[in-house]
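Colleague: Structure of the sequence below:
(one chain, ligands or ions: 2)
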Amino acid sequence: MVELPVARPSVGAAGKTGNWRLFKPSIDYRKCIKCLLCWMYCPDGVISLSGKGLPVIDYEYCKGCGICAEECPVKAIEMVKEVEG
Ligand code: SF4
Ligand code: SF4
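Modeller: Residues are numbered from 1 along each chain as shown. Ligands and ions are numbered 1, 2, ... in the order given. The predicted structure is shown next:
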């Protein structure tokens, strides 16, 4: 029997990333005011909250879209180039 490709839900809608992402978000926790906008806006739901209420990004699934950086009101998130390797 032929298996048809089926979309399977995963943590990130795009599945695991890391190989093809060009930029990744980097959070400066000294600037973060814990507003949680990045957590709310991340389209893939890959930002969770630490026990201290700080956002933590799961880089296994982050696709590097940059929406979190766009929405952060204090510019605590910077998109940095992925290091090849
Ligand atoms: S770049 Fe930001 S908004 Fe986009 S997937 Fe990664 S954590 Fe989510
Ligand atoms: S949007 Fe910016 S200030 Fe707000 S929780 Fe995220 S990193 Fe912190």
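Colleague: Next one: the most centrally placed residue in the chain from Cys68, what distance?
Modeller: Closest to where the C-alpha atoms of the chain average out (CA atoms, centre = their mean) is Cys62, at 3.7 Å. Computed with CB to CB, to the nearest Å, the distance linking Cys62 and Cys68 is 9 Å. (Each C-beta comes from the backbone N, C-alpha and C, glycine too.)
Colleague: Please identify which helix or strand holds Met79.
Modeller: Taking DSSP states H and E as the definition, Met79 sits inside strand 77-81.
Colleague: buried set for that strand?
Modeller: Residues Ile77 are the ones in strand 77-81 that count as buried (16 or more other CB atoms under 10 Å).
Colleague: Same check on stretch 48-58?
Modeller: Neighbour counts over stretch 48-58 (16+ other CB under 10 Å) mark 55, 57-58 as buried.
Colleague: avg pLDDT for stretch 34-50?
Modeller: For stretch 34-50, mean pLDDT is 97.
Colleague: ok, that stretch near ligand 2 or not?
Modeller: Yes - contact between stretch 34-50 and ligand 2 is present through 34-38 (criterion: CB under 6 Å from any ligand atom).
Colleague: what do you get for stretch 60-72?
Modeller: Yes - counting by CB under 6 Å from any ligand atom, ligand 2 is contacted by stretch 60-72 at 71-72.
Colleague: Of the buried residues of stretch 48-58, which ones also sit close to ligand 2?
Modeller: Applying CB under 6 Å from any ligand atom to those, one finds that Pro55 fall near ligand 2.
Colleague: can I get the buried residues of stretch 48-58 in CSV with pLDDT, secondary structure and distance to Ser26?
Modeller: Listed next are these as CSV, based on pLDDT from 0 to 100; DSSP: H, G, I helix; E, B strand; the rest coil; distance: CB to CB, whole Å:
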residue, pLDDT, secondary structure, distance to Ser26
Pro55, 98, strand, 12
Ile57, 97, strand, 9
Asp58, 96, coil, 14
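Colleague: Alright, calling it a day.
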